[in-house]
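Student: model this:
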Amino acid sequence: MVIINSNNSSAMSARVLGESTQALQKSLARLSSGSKLNNASDDAAGAAVSLKLDSQISRLNAAKSNVGNGISFSQTQDGYLKKVGTALDRMGELAVLAQDTTKSSTDLALYDKEFQKLATFIDDTATKKFNDVALFSATGIKVTQDEDGTAYTMSAVDLGAAGGKYKLATATDVTDTTKAAAALTAVKNAVTQLASDRADVGADQSVLQNISSTMSVLEDNLGAANSRIKDVDVAEESANFARQNILVQSGTAMLAQANALPQSALRLIG
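Tutor: Presented below is the predicted three-dimensional model:
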(Lines give C-alpha, C1' and ligand atoms only; values in the text may rest on other atoms or scores of the structure.)
Protein backbone atom coordinates (compact mmCIF):
# COMPACT_ATOMS: atom_id res chain seq x y z
CA MET A 1 0.00 0.00 0.00
CA VAL A 2 1.33 3.40 -0.99
CA ILE A 3 0.28 6.29 1.31
CA ILE A 4 1.41 9.88 1.82
CA ASN A 5 -0.45 11.02 4.99
CA SER A 6 1.49 8.72 7.31
CA ASN A 7 5.09 7.60 7.12
CA ASN A 8 5.41 4.87 9.74
CA SER A 9 8.79 3.79 8.44
CA SER A 10 10.17 7.30 8.94
CA ALA A 11 8.73 7.55 12.47
CA MET A 12 10.20 4.21 13.48
CA SER A 13 13.58 5.08 11.95
CA ALA A 14 13.60 8.41 13.76
CA ARG A 15 12.82 6.70 17.08
CA VAL A 16 15.56 4.10 16.63
CA LEU A 17 18.02 6.78 15.52
CA GLY A 18 17.22 8.79 18.65
CA GLU A 19 17.86 5.77 20.87
CA SER A 20 21.12 4.99 19.09
CA THR A 21 22.23 8.63 19.37
CA GLN A 22 21.49 8.65 23.10
CA ALA A 23 23.45 5.41 23.58
CA LEU A 24 26.33 6.86 21.55
CA GLN A 25 26.40 10.00 23.70
CA LYS A 26 26.42 7.90 26.89
CA SER A 27 29.29 5.77 25.55
CA LEU A 28 31.22 8.88 24.56
CA ALA A 29 30.74 10.37 28.06
CA ARG A 30 32.02 7.16 29.68
CA LEU A 31 35.11 7.03 27.48
CA SER A 32 35.93 10.72 28.00
CA SER A 33 35.45 10.62 31.78
CA GLY A 34 36.64 7.08 32.50
CA SER A 35 33.56 6.56 34.68
CA LYS A 36 30.45 4.47 34.16
CA LEU A 37 28.51 6.68 36.58
CA ASN A 38 28.33 10.11 34.94
CA ASN A 39 24.68 10.37 35.93
CA ALA A 40 22.80 8.68 38.75
CA SER A 41 20.45 7.22 36.14
CA ASP A 42 23.33 5.25 34.62
CA ASP A 43 23.20 2.89 37.63
CA ALA A 44 21.13 4.18 40.53
CA ALA A 45 22.01 1.36 42.94
CA GLY A 46 25.65 1.32 41.89
CA ALA A 47 25.93 5.10 42.33
CA ALA A 48 24.58 4.80 45.89
CA VAL A 49 27.03 2.03 46.78
CA SER A 50 29.94 3.89 45.18
CA LEU A 51 29.08 7.04 47.11
CA LYS A 52 29.24 5.15 50.42
CA LEU A 53 32.50 3.46 49.44
CA ASP A 54 34.06 6.81 48.49
CA SER A 55 33.05 8.21 51.88
CA GLN A 56 34.42 5.19 53.74
CA ILE A 57 37.73 5.37 51.87
CA SER A 58 38.06 9.09 52.70
CA ARG A 59 37.46 8.43 56.40
CA LEU A 60 39.90 5.52 56.28
CA ASN A 61 42.62 7.76 54.87
CA ALA A 62 42.00 10.26 57.68
CA ALA A 63 42.28 7.47 60.27
CA LYS A 64 45.54 6.29 58.66
CA SER A 65 46.90 9.82 58.98
CA ASN A 66 45.98 9.84 62.68
CA VAL A 67 47.66 6.48 63.24
CA GLY A 68 50.77 7.73 61.44
CA ASN A 69 50.90 10.70 63.81
CA GLY A 70 50.43 8.33 66.74
CA ILE A 71 53.41 6.29 65.57
CA SER A 72 55.52 9.45 65.28
CA PHE A 73 54.41 10.47 68.78
CA SER A 74 55.45 7.09 70.17
CA GLN A 75 58.78 7.16 68.34
CA THR A 76 59.49 10.60 69.79
CA GLN A 77 58.69 9.28 73.26
CA ASP A 78 61.11 6.42 72.77
CA GLY A 79 63.83 8.77 71.54
CA TYR A 80 63.64 10.78 74.76
CA LEU A 81 63.47 7.62 76.88
CA LYS A 82 66.71 6.41 75.31
CA LYS A 83 68.40 9.60 76.48
CA VAL A 84 66.90 9.15 79.94
CA GLY A 85 68.39 5.65 79.96
CA THR A 86 71.81 7.07 79.09
CA ALA A 87 71.50 9.56 81.95
CA LEU A 88 70.49 6.85 84.42
CA ASP A 89 73.43 4.70 83.35
CA ARG A 90 75.82 7.52 84.20
CA MET A 91 74.01 8.29 87.46
CA GLY A 92 74.33 4.67 88.53
CA GLU A 93 78.03 4.81 87.70
CA LEU A 94 78.43 7.98 89.77
CA ALA A 95 76.55 6.42 92.70
CA VAL A 96 78.94 3.48 92.70
CA LEU A 97 82.02 5.70 92.36
CA ALA A 98 80.82 7.81 95.30
CA GLN A 99 80.87 4.74 97.55
CA ASP A 100 84.67 4.63 97.30
CA THR A 101 85.90 5.40 100.81
CA THR A 102 89.18 6.71 99.41
CA LYS A 103 87.39 9.67 97.86
CA SER A 104 87.45 12.99 99.66
CA SER A 105 84.38 15.11 100.34
CA THR A 106 85.53 17.42 97.54
CA ASP A 107 85.54 14.48 95.12
CA LEU A 108 82.06 13.46 96.26
CA ALA A 109 80.81 17.01 95.78
CA LEU A 110 81.99 16.91 92.17
CA TYR A 111 80.27 13.56 91.62
CA ASP A 112 77.09 14.97 93.12
CA LYS A 113 77.21 18.02 90.88
CA GLU A 114 77.07 15.83 87.78
CA PHE A 115 74.53 13.52 89.43
CA GLN A 116 72.16 16.43 90.14
CA LYS A 117 72.50 17.90 86.65
CA LEU A 118 71.60 14.55 85.11
CA ALA A 119 68.63 14.27 87.46
CA THR A 120 67.53 17.76 86.38
CA PHE A 121 67.86 16.69 82.75
CA ILE A 122 65.38 13.87 83.42
CA ASP A 123 62.99 16.34 85.07
CA ASP A 124 63.25 18.63 82.04
CA THR A 125 62.58 15.72 79.70
CA ALA A 126 59.31 15.07 81.52
CA THR A 127 57.99 18.43 80.21
CA LYS A 128 58.69 17.84 76.52
CA LYS A 129 55.84 18.15 74.01
CA PHE A 130 54.90 16.84 70.56
CA ASN A 131 52.98 19.47 68.57
CA ASP A 132 52.08 21.14 71.88
CA VAL A 133 50.81 17.82 73.32
CA ALA A 134 52.63 16.51 76.41
CA LEU A 135 54.78 13.49 75.59
CA PHE A 136 54.79 12.21 79.15
CA SER A 137 51.71 12.31 81.36
CA ALA A 138 49.61 10.14 83.64
CA THR A 139 47.04 9.61 80.86
CA GLY A 140 47.72 7.83 77.59
CA ILE A 141 46.56 9.59 74.43
CA LYS A 142 43.90 8.07 72.18
CA VAL A 143 44.40 7.38 68.47
CA THR A 144 41.56 6.67 66.03
CA GLN A 145 42.17 3.22 64.61
CA ASP A 146 39.43 2.86 61.98
CA GLU A 147 37.05 4.82 59.75
CA ASP A 148 34.34 4.74 62.43
CA GLY A 149 36.46 6.66 64.92
CA THR A 150 37.16 3.77 67.32
CA ALA A 151 40.07 4.77 69.54
CA TYR A 152 43.18 2.90 70.64
CA THR A 153 44.55 4.18 73.96
CA MET A 154 48.32 4.31 74.15
CA SER A 155 50.14 3.46 77.37
CA ALA A 156 50.74 6.31 79.80
CA VAL A 157 54.38 7.18 80.49
CA ASP A 158 54.76 9.69 83.31
CA LEU A 159 58.31 10.93 83.92
CA GLY A 160 57.20 13.82 86.07
CA ALA A 161 54.93 12.11 88.60
CA ALA A 162 55.40 13.57 92.06
CA GLY A 163 57.25 11.03 94.17
CA GLY A 164 57.77 8.87 91.09
CA LYS A 165 60.82 6.69 90.46
CA TYR A 166 62.26 9.23 88.01
CA LYS A 167 62.25 12.02 90.61
CA LEU A 168 65.92 11.89 91.61
CA ALA A 169 66.92 15.57 91.57
CA THR A 170 66.01 16.50 95.14
CA ALA A 171 65.35 13.09 96.69
CA THR A 172 68.88 11.71 96.35
CA ASP A 173 72.49 12.80 96.32
CA VAL A 174 75.94 11.21 96.48
CA THR A 175 77.64 13.52 98.95
CA ASP A 176 78.67 10.61 101.20
CA THR A 177 78.90 6.83 100.93
CA THR A 178 75.65 6.15 102.76
CA LYS A 179 73.68 8.54 100.59
CA ALA A 180 75.43 7.17 97.51
CA ALA A 181 74.22 3.66 98.37
CA ALA A 182 70.65 4.95 98.71
CA ALA A 183 71.02 6.88 95.44
CA LEU A 184 72.15 3.70 93.69
CA THR A 185 69.02 1.88 94.86
CA ALA A 186 66.85 4.76 93.58
CA VAL A 187 68.62 4.76 90.21
CA LYS A 188 68.19 1.00 89.88
CA ASN A 189 64.47 1.39 90.58
CA ALA A 190 64.29 4.12 87.94
CA VAL A 191 66.04 1.84 85.42
CA THR A 192 63.50 -0.90 86.14
CA GLN A 193 60.66 1.57 85.58
CA LEU A 194 62.31 2.81 82.39
CA ALA A 195 62.55 -0.75 81.05
CA SER A 196 58.82 -1.20 81.65
CA ASP A 197 57.93 2.14 80.07
CA ARG A 198 60.02 1.51 76.96
CA ALA A 199 58.40 -1.90 76.61
CA ASP A 200 54.98 -0.21 76.70
CA VAL A 201 56.04 2.36 74.12
CA GLY A 202 57.45 -0.36 71.86
CA ALA A 203 54.22 -2.34 72.16
CA ASP A 204 52.22 0.76 71.20
CA GLN A 205 54.37 1.25 68.11
CA SER A 206 53.91 -2.38 67.09
CA VAL A 207 50.13 -2.22 67.53
CA LEU A 208 49.81 1.06 65.64
CA GLN A 209 51.95 -0.22 62.77
CA ASN A 210 49.74 -3.30 62.52
CA ILE A 211 46.63 -1.10 62.55
CA SER A 212 48.09 1.05 59.78
CA SER A 213 48.95 -2.02 57.71
CA THR A 214 45.44 -3.45 58.20
CA MET A 215 43.84 -0.18 57.10
CA SER A 216 46.05 -0.11 54.00
CA VAL A 217 44.83 -3.58 53.02
CA LEU A 218 41.22 -2.54 53.66
CA GLU A 219 41.69 0.58 51.58
CA ASP A 220 43.03 -1.49 48.68
CA ASN A 221 40.06 -3.85 48.83
CA LEU A 222 37.51 -1.05 49.08
CA GLY A 223 39.16 0.78 46.20
CA ALA A 224 39.03 -2.35 44.04
CA ALA A 225 35.35 -2.90 44.87
CA ASN A 226 34.55 0.73 44.09
CA SER A 227 36.48 0.56 40.84
CA ARG A 228 34.41 -2.37 39.62
CA ILE A 229 31.27 -0.32 40.17
CA LYS A 230 32.21 3.05 38.70
CA ASP A 231 35.27 2.71 36.46
CA VAL A 232 34.70 2.03 32.78
CA ASP A 233 36.27 -0.93 30.97
CA VAL A 234 37.84 1.01 28.11
CA ALA A 235 38.20 -2.01 25.83
CA GLU A 236 34.57 -3.06 26.28
CA GLU A 237 33.24 0.48 26.02
CA SER A 238 35.32 1.18 22.90
CA ALA A 239 33.64 -1.76 21.20
CA ASN A 240 30.24 -0.48 22.33
CA PHE A 241 31.10 3.02 21.07
CA ALA A 242 31.99 1.64 17.62
CA ARG A 243 28.72 -0.32 17.54
CA GLN A 244 26.60 2.68 18.50
CA ASN A 245 28.45 4.89 16.05
CA ILE A 246 27.67 2.47 13.22
CA LEU A 247 24.02 2.29 14.30
CA VAL A 248 23.72 6.08 14.27
CA GLN A 249 25.22 6.29 10.78
CA SER A 250 23.04 3.44 9.56
CA GLY A 251 19.94 4.93 11.22
CA THR A 252 20.62 8.31 9.63
CA ALA A 253 20.87 6.72 6.19
CA MET A 254 17.72 4.65 6.69
CA LEU A 255 15.77 7.69 7.92
CA ALA A 256 16.70 9.47 4.73
CA GLN A 257 15.45 6.49 2.74
CA ALA A 258 12.22 6.31 4.76
CA ASN A 259 11.56 9.99 4.14
CA ALA A 260 12.01 9.40 0.41
CA LEU A 261 9.46 6.57 0.19
CA PRO A 262 6.33 8.79 -0.15
CA GLN A 263 7.89 10.47 -3.14
CA SER A 264 7.20 7.27 -5.14
CA ALA A 265 3.53 8.21 -5.01
CA LEU A 266 4.27 11.17 -7.26
CA ARG A 267 5.12 8.83 -10.10
CA LEU A 268 1.65 7.33 -9.89
CA ILE A 269 0.04 10.76 -9.86
CA GLY A 270 2.23 12.11 -12.61
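
Student: Now do the buried residues in the helix or strand hosting A119.
Tutor: In this assignment (DSSP states H and E), A119 forms part of helix 105-125. Using 16 or more other CB atoms under 10 Å as the test for burial, helix 105-125 gives L108, Y111, D112, F115, Q116, L118, A119, I122, T125. For glycine as for every other residue, the C-beta is placed from the backbone atoms N, C-alpha and C.

Student: Quick one: the strands in the chain, in order.
Tutor: 129-130, 133-134, 142-144, 151-153 (DSSP state E).

Student: low-confidence ranges in the stretch 151-270 of the chain?
Tutor: For the stretch 151-270 of the chain, the stretches with pLDDT under 70 are 262, 265-270.

Student: Let me know whether A98 touches Y111 as I believe.
Tutor: Yes. Under the criterion of CB atoms under 8 Å, A98 makes contact with Y111 at 4.8 Å.

Student: Now do the shared contacts for those two.
Tutor: Here A98 and Y111 have V174, A180 as joint contacts, going by CB atoms under 8 Å, 6 or more residues apart in numbering.

Student: what residue is smack in the middle of the chain?
Tutor: Central residue check for the chain by CA atoms, centre = their mean: the C-alpha nearest the mean position is that of K64, 1.8 Å away.

Student: Next, the contact list for that one, please.
Tutor: S212, M215, S216, E219.

Student: and what of Q56?
Tutor: Contact analysis of Q56 by CB under 8 Å, 6+ apart lists E147, L222.

Student: can you list the domains in the protein?
Tutor: Split into domains by automatic domain parsing, the chain comes to 8-34+233-269, 44-230.

Student: And the longest one, end to end?
Tutor: By CA to CA, to the nearest Å, the extent of domain 44-230 from end to end equals 11 Å.

Student: The closest residue to K82 other than its chain neighbours: neighbour count?
Tutor: Spatially, and ignoring its direct neighbours in sequence, K82 is nearest to R198 (8.0 Å; CB to CB, 6 or more residues apart in numbering). Neighbour count for R198, taken as other CB atoms under 10 Å: 17.

Student: R198 against D78, yeah?
Tutor: Yes. R198 is within contact range of D78, at 6.5 Å (criterion: CB under 8 Å).

Student: Could you identify which of the domains of the chain is most buried?
Tutor: The highest mean neighbour count among those, using mean count of other CB atoms under 10 Å, belongs to domain 44-230: a mean of 16.
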